[in-house]
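Asks: Need coordinates for the below:
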Amino acid sequence: MAQLSAKTVRNWYRLHKWTSLICTALLLMACITGLPLVFQDELDALLEPHVAPAKVEAGATTASLDPMIAQAQARFPALHPFSIGFDDDEPRIFVNMSPSDDPKKGEIRQMIFDAHTGKLLEVPKDGFDLTSFLLQLHSEIFLGLPGELTMGVMALTFVLSLVSGALVYGPFMRRLEFGTYRRNGAKRTRWFDLHNLLGIVTLAWALVVGATGVMNALSTPLFGLWRAQTLPKILAPYHGKPVPTHFRSVDESVKQVSAALPEMEVTAVVFPNSVFSSPRHYLVWAKGKTPVTSRLETPTLVDVENGAVTMSGGLPWYLRILELSRPLHFGDYGGLPLKIIWGLFDTALIVVLVSGLYLWLSKRKSPIERELNHLVERELLQQAGTV
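Replies: Coordinates of the predicted model:
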């Protein structure tokens with residue numbers, strides 16, 4: 001590979017410095033909030049213990065969903081069914097009630113049922129949810145879509161800083177062994193070595209987390225694009241017809257989707273909704289049963305009047321990439337050991353950010369910049385034939 005010129009290295013260094021500085025504040029916040037979010041399941045179990053479902057024999061059938069919905073409607077008569085969710089870890093079913101198709105934070109009320117017996121386990125009370133608070137701060141800084149896009153720009157800037165930092169690392173470390181840490185050096189030298197060492201060690205992981213962070217920040221507009229592309233075609237035959245007021249059984253719709261997709265299992269049902277799905281259909285989500293396909297969900301629309309399956313198939317490629325990026329971002333696809341590794345890398349990245357900030361604040365005109373300027377001047381003189 002051709003050796004980079006001094007001028008090119010200086011340009012990459014400047015790009016690394018300024019992209020790092022631009023994203024440091026938000027990135028440091030994202031790393032600090034992301035660390036407990038890696039262990040979200042464990043934190044929720046510790047901070048919010050719940051009523052455990054009854055123990056049943058393997059292969060026990062799932063209870064009917066319709067009585068659960070009826071019970072939820074009786075409990076919250078002013079609300080309407082919004083969605084149903086199936087717990088991935090325990091045989092529990094969540095029935096969510098909402099005052100509108102586009103509920104605000106805190107408006108949804110939930111009832112949790114035993115998936116096998118159909119018994120009501122608990123009705124969670126409103127209260128402060130630490131992991132939800134951290135997730136909202138981490139993903140959107142409490143600004144909704146503008147906040148998500150801001151975090152996406154931050155993640156993209158972070159990726160640029162990583163790429164530029166890797167390109168600068170080689171020329172600067174040419175005279176030193178890989179991973180050098182000069183314990184007897186000056187304080188700034190030790191911080192500089194630590195910054196470089198942890199930066200290059202976490203590079204591959206940080207690129208994955210940064211790139212998946214960009215994708216996650218685009219989830220709202222990407223799903224909006226998918227709905228805008230697909231729903232008008234599906235709803236065209238219903239143009240001019242009144243919106244149905246009587247819905248067929250949710251159980252029948254779920255069984256119909258399960259029969260149509262035998263290699264998958266249903267994970268959620270969204271009731272007719274003019275914002276998130278269709279005003280005339282149940283939106284049934286199903287996922288694969290293998291470790292890989294369990295991360296890939298397939299949506300199916302079921303007509304609430306006649307039960308016709310009006311759409312069944314995979315999502316477009318850009319949403320498939322989004323689905324795969326989500327578990328990679330928090331490392332929640334390999335159990336606790338992988339979460340611990342993700343946590344260690346996250347901690348190392350926090351040190352990289354703090355050390356980089358210290359190096360910038362401790363000396364604005366660093367020896368690195370002086371050396372680069374000197375090398376560029378020398379290179380220009382050599383090219384002019386004066387040296």
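Asks: Give me the secondary structure label for the nearest residue to Pro291 once chain neighbours are set aside.
Replies: Using Cβ to Cβ, 6 or more residues apart in numbering and skipping the chain neighbours, the partner closest in space to Pro291 is Tyr333 (7.8 Å). C-beta: built from backbone N, CA, C; applies to glycine. Secondary structure for Tyr333, judged by DSSP: H, G, I helix; E, B strand; the rest coil, is coil.
Asks: Can you give me the distance of Tyr333 to Gly34?
Replies: Using Cβ to Cβ, to the nearest Å, Tyr333 is found at 16 Å from Gly34.
Asks: Please say which of the two ends up with more neighbours.
Replies: Gly34 (24 against 15; other Cβ atoms under 10 Å).
Asks: Next one, pLDDT for Leu380 please.
Replies: Looking at Leu380, its pLDDT stands at 64.
Asks: Could you do Leu315 as well?
Replies: pLDDT, Leu315: 85.
Asks: Repeat that for Phe330.
Replies: For Phe330, the model assigns a pLDDT of 88.
Asks: Same check on the one 5 residues further on?
Replies: We note a pLDDT of 83 for Gly335 in this prediction.
Asks: can you check Trp191 too?
Replies: 85.
Asks: cool, the one 5 residues further on as well?
Replies: The model reports Asn196 with a pLDDT of 82.
Asks: name the element the closest residue to His281 other than its chain neighbours belongs to?
Replies: Spatial nearest neighbour of His281, chain neighbours left out: Leu301 (4.1 Å); criterion: Cβ to Cβ, 6+ apart. Assigned by DSSP states H and E, Leu301 belongs to strand 297-303.
Asks: which element follows that strand toward the C-terminus?
Replies: Next along the chain after strand 297-303, taking DSSP H and E as the criterion, comes strand 309-312.
Asks: name the helices or strands packed onto that next one?
Replies: Strand 309-312 is packed against helix 219-235, helix 250-260, strand 297-303, with contacts defined by 3 or more Cβ pairs under 8 Å, 6 or more residues apart in numbering; DSSP states H and E.
Asks: now the second one against strand 297-303, angle please.
Replies: Between the direction of helix 250-260 and that of strand 297-303, the angle (axes from the mean of the first three to the mean of the last three Cα atoms, to 10 degrees) works out to 130 degrees.
Asks: Heading C-terminal from helix 250-260, find the next helix or strand.
Replies: Next element after helix 250-260 (DSSP H and E): strand 264-270.
Asks: Tell me the first helix or strand C-terminal of that following strand.
Replies: Assigned by DSSP H and E, the successor of strand 264-270 is strand 281-288.
Asks: For that next one, buried residues please.
Replies: Buried residues in strand 281-288, defined by neighbour count with 16 or more other Cβ atoms under 10 Å: 281-288.
Asks: ranges for the helices of this structure?
Replies: For the chain, the helices defined by DSSP state H cover 6-38, 40-47, 65-75, 130-140, 145-172, 187-201, 203-217, 219-235, 250-260, 317-330, 335-362, 367-384.
Asks: wait, the residue nearest to Pro291 sits on Leu324?
Replies: No. Counting by Cβ atoms under 8 Å, Tyr333 stays clear of Leu324, with 9.7 Å between them.
Asks: hey, what's in contact with both of the two?
Replies: Arg295 (Cβ atoms under 8 Å, 6 or more residues apart in numbering).
Asks: what about the closest residue to Lys17 other than its chain neighbours, how many neighbours?
Replies: If the residues on either side of it in the chain are set aside, Lys17 comes closest to Trp360, at 7.2 Å by Cβ to Cβ, 6+ apart. Applying other Cβ under 10 Å, we find 14 other residues in the vicinity of Trp360.
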